[in-house]
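Asks: I'll drop the sequence and a predicted model, then ask my questions.
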Amino acid sequence: MLRRKTDAFVRLLQTWTIVYMDHLTATAMHEALALDGTVNESTAMPGDDVARQPPQGKLPVLALSALGIVFGDIGTSPLYTFKTILGTAEKSPDAAAVLGALSLVLWTLFIITTVKYVLFAMRVDNDGEGGILALMALLGVKKQNRPTIVAVGLFGAALIYGDGAITPAISVLSALEGLNMATPALQPYVVPAAVVILLVLFAIQSRGTAAIGQLFGPMMLIWFVIIAVLGLLGVAKHPSVFAALNPLYGLSYLFSNGATGFLVLGAVFLCVTGAEALYADMGHFGSGPIKLAWFAVVFPSLILNYAGQAALVLGGAPTDGNIFFRLCPEILLLPLILLATIATIIASQSIITGAFSMTRQAIQLGWLPRLRIKQTSSEGYGQIYVGVVNWLLMIVTVGLTVGFGKSDNLASAYGIAVSLTMLMTSALLFIAMREIWGWSLLAAGCVAAFFMTVDGAFFLANLTKIAEGGYVPLILAVTVYGVMWIWHRGAAAVSMRMHEALIPVPEFMAKAAADNVPRVPGTAVFPTRTERDTPPVMIWHVKHNRALHEHLFVLRVEILSVPWVAPANRLSIVEVAPNFWRAEARFGFMERPHIPELLASSKSLGCTVDLADVTYYVGHETVIRREDGKGLPGWQERFFAVMERNAEHVSDFFSLPSDQVVEIGRQVAI
């Protein structure tokens, strides 16, 4: 589960949104460059095409698995959250400050994670899938074509990338900093050790994590049990700490300490930085297992541990160093540091896996170039590896680890992106309450206003971190969003140019017959983006090769705004001319098209071609600049051309056998 400027920044987003609105009005829908071609994304309601595929397994087993995938980030936040809050507040906090800080943490966990995400957001799913991209596809594409919602959803996803690079760095550093308490002599080795751990973690991604992934759930269960026990040990020394359950302590601290109380909110927010993962990973486990794991294990453990840390401070424990590790008896400190390091590695792994999954969704929805995606396990669809994303994340994460050096410093950069993402999610939830649940404007407005007030307060507090490092995730997010925007504009420009000179099938076949174009044995398959007429690749083929196969099969691949499509509704075929079939294949944005497997089912639909003797003809467009001044700005065209040249080849993306593919090239001026 991968997350984080000012008026100028907001104006930039607004400008991009206007561009999207103008552009989408002209083009009707997003199209990603692929095939002759593209993969099309449908705006239509798929209806019976949808195939809900709920996770299989017993509820307790799925809940245990969810502990290892969903809750790593939020589960390791006690390592750095409370010490950051007290460090932000004041050097020697009194009892009112400690209870106020704890109250803010507990009620933040309850309002944002429990109420907003577990009880509200997880009730809004896109055929089983959650997260801001799935919500964007549901409200901005599937329900209606709404470019503003699409822009909001995409920028929210880009923000998650920004925060995702910080999570592994701050988590691993905060765990290893416990060594400073075990023996100060090890302090110089904390950053190098963190760098080594992160390098190894990213290096093993291409091998897959299916085997060790089975240990993630049990290891995180042990982690949550231990932090709960440690919290109980702390609470036993000062039971009155639970007075912080009264929200008045938090509100009193917030409103009676001026600017300090407001600034503390930025640190308090660190306790829920992993909350978005609950929603984003819903498709992997279903809402039931995630809710069970949250209420039965994670939420109680977090409450007890934060209360235990606060109790220690109330009892007079020093606040320098890491308060979390002060809960542990000295004899068990090294084993706890080891366990904490393992837990942070698991949390980092979850972030990396989430980045891979979100990248695939963005590619399928047409907002990123085709990237090579490696399936690392046949047992889990989510077990994938995206090399470009992996190495870019590694470079940024290691750079942040070395550049900031301490978890305290990284905490200043952490939270701004995910707080903005949460604010965007609240806005989308308002639309969902109105359109999906049918709530009245008053009811939906009140609930959404409450969520947005809370999220907005945290976002404004986090804005104060920009100069201290908060600019890092924002720059990363703007970069990712810019890549999405340019790719989308370029792909749509290519699609528009390709549609300018289409020839109806009867006219093309009549001309082929009049020109005595030879018909050779076999079947030619032409992937295309066109809904009708003759595919441009077929026209180029006849023009250059002066021949045409006896059997012609035109295939249009459509990516629907749903995660899965039922196999029975996957393929439809119509014979538009003798021995000339046009087929339409439908896939969800969580699926990867495999054309040879798809064509194997075509005979049952009345297609009589011999698929054992097939040649696939795909187009390869070389993008150049238009000379009439009507195309994209030069810098956008050049950037898009670079991405297009380095995108995964169409035949690989659609799993076409390389020895049966013929590529036909053409220059396209955009």
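Replies: Received the coordinates, thanks. Residues are numbered from 1 along each chain as shown.

Asks: what about residue 234, how many residues nearby?
Replies: Residues lying near residue 234 (other CB atoms under 10 Å) number 27. The C-beta positions use only the backbone N, C-alpha and C, and glycine is treated the same way.

Asks: and for the one 3 residues further on?
Replies: When counting by other CB under 10 Å, one arrives at 15 neighbours for residue 237.

Asks: do residue 449 as well
Replies: By other CB under 10 Å, neighbour count at residue 449 equals 13.

Asks: now it: which helix or strand?
Replies: Using DSSP states H and E, residue 449 falls within helix 441-463.

Asks: list the contacts of the helix or strand that contains residue 667.
Replies: Element membership of residue 667 [criterion: DSSP H and E] is strand 661-669. Residues outside strand 661-669 that contact it (CB atoms under 8 Å, 6 or more residues apart in numbering): 494, 497-498, 536-537, 540-541, 544, 615-627, 631, 651.

Asks: which residues in the stretch 401-550 of the chain form helices?
Replies: With DSSP state H, counting those that start in this stretch as the criterion, the stretch 401-550 of the chain has helices at 407-411, 416-435, 441-463, 471-498, 505-514, 536-545.

Asks: and these as TSV, adding mean pLDDT and distance to residue 241?
Replies: Compiled in TSV, those are given as follows (pLDDT from 0 to 100; distance: least, CB to CB, whole Å):
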stretch	mean pLDDT	distance to residue 241
helix 407-411	85	23
helix 416-435	89	27
helix 441-463	94	24
helix 471-498	87	33
helix 505-514	88	76
helix 536-545	86	70
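
Asks: buried among the contacts of strand 661-669? Need that as a selection in PyMOL.
Replies: Buried residues within these, by 16 or more other CB atoms under 10 Å, are selected in PyMOL with:
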select buried, resi 494+497+498+536+537+540+541+615+616+617+618+619+620+621+623+631+651
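
Asks: show me the shaky parts of the protein.
Replies: 1-57, 90-91, 142-145, 209-213, 377-382, 501, 561, 608, 611 (pLDDT under 70).

Asks: which residues touch the spatially closest residue to residue 499 that is not a sequence neighbour?
Replies: Among residues not flanking residue 499 along the chain, residue 530 sits closest, at 7.1 Å (CB to CB, 6 or more residues apart in numbering). Residues near residue 530 by CB under 8 Å, 6+ apart: 498, 499, 502, 536, 556.

Asks: please apply the same query to residue 593.
Replies: 39, 557, 585, 587, 653, 654, 655.

Asks: how near is residue 371 to residue 391?
Replies: 12 Å (CB to CB, to the nearest Å).

Asks: between the two, which has more neighbouring residues?
Replies: The neighbour count for residue 371 versus residue 391, taken as other CB under 10 Å, is higher for residue 371 (18 against 13).

Asks: mind checking how far the more buried one is from residue 413?
Replies: 27 Å.

Asks: buried stuff in the biggest helix by length in the chain?
Replies: The longest helix of the chain (DSSP state H) is helix 333-364. Of all the residues in helix 333-364, those buried under the rule 16+ other CB under 10 Å are 333, 336-337, 339-364.

Asks: what of stretch 88-105?
Replies: Buried, per 16+ other CB under 10 Å, within stretch 88-105: 88, 89, 93, 97, 98, 99, 100, 101, 102, 103, 104, 105.

Asks: now, those residues that are in helices?
Replies: Reading helices off the buried residues of stretch 88-105 with DSSP H, I get 88, 89, 97, 98, 99, 100, 101, 102, 103, 104, 105.

Asks: out of those, which comes closest to residue 253?
Replies: Set against residue 253, the nearest of those by CB to CB is residue 100 (2.5 Å).

Asks: what's the neighbour count on the nearest residue to the closest one once chain neighbours are set aside?
Replies: Residue nearest to residue 100 in three dimensions, not counting chain neighbours: residue 253, with 2.5 Å by CB to CB, 6+ apart. When neighbours are defined as other CB under 10 Å, residue 253 has 24 of them.

Asks: residues touching the closest residue to residue 86 other than its chain neighbours, list them.
Replies: Spatial nearest neighbour of residue 86, chain neighbours left out: residue 319 (5.0 Å); criterion: CB to CB, 6+ apart. Contacts for residue 319 (CB under 8 Å, 6+ apart) come out as 83, 86, 87, 91, 92, 93, 313.

Asks: next, give me the two most distant ones among those.
Replies: The largest separation in those, counting by CB to CB, is between 83 and 92 at 13.9 Å.

Asks: is it true that residue 443 touches residue 433?
Replies: Yes: the pair residue 443 and residue 433 qualifies as a contact (CB atoms under 8 Å) at a distance of 7.4 Å.

Asks: more neighbours: these two, which one.
Replies: residue 433 (21 against 13).

Asks: neighbours around the closest residue to the more buried one other than its chain neighbours, how many?
Replies: The shortest distance from residue 433 to any non-neighbouring residue, by CB to CB, 6+ apart, is to residue 444 (3.8 Å). Residues lying near residue 444 (other CB under 10 Å) number 19.

Asks: then residue 392?
Replies: The tally of other residues near residue 392 (other CB under 10 Å) stands at 17.

Asks: for the one 3 residues further on, same thing?
Replies: Other residues near residue 395 number 12, with proximity taken as other CB under 10 Å.

Asks: which stretch of helix or strand covers it?
Replies: Assigned by DSSP H and E, residue 395 falls in helix 387-404.

Asks: helices or strands up against that helix?
Replies: helix 166-176, helix 190-203, helix 333-364 (3 or more CB pairs under 8 Å, 6 or more residues apart in numbering; DSSP states H and E).

Asks: if we can go back for a sec, over to the residue nearest to residue 100. Which of the three states is it?
Replies: Following DSSP: H, G, I helix; E, B strand; the rest coil, the label given to residue 253 is helix.
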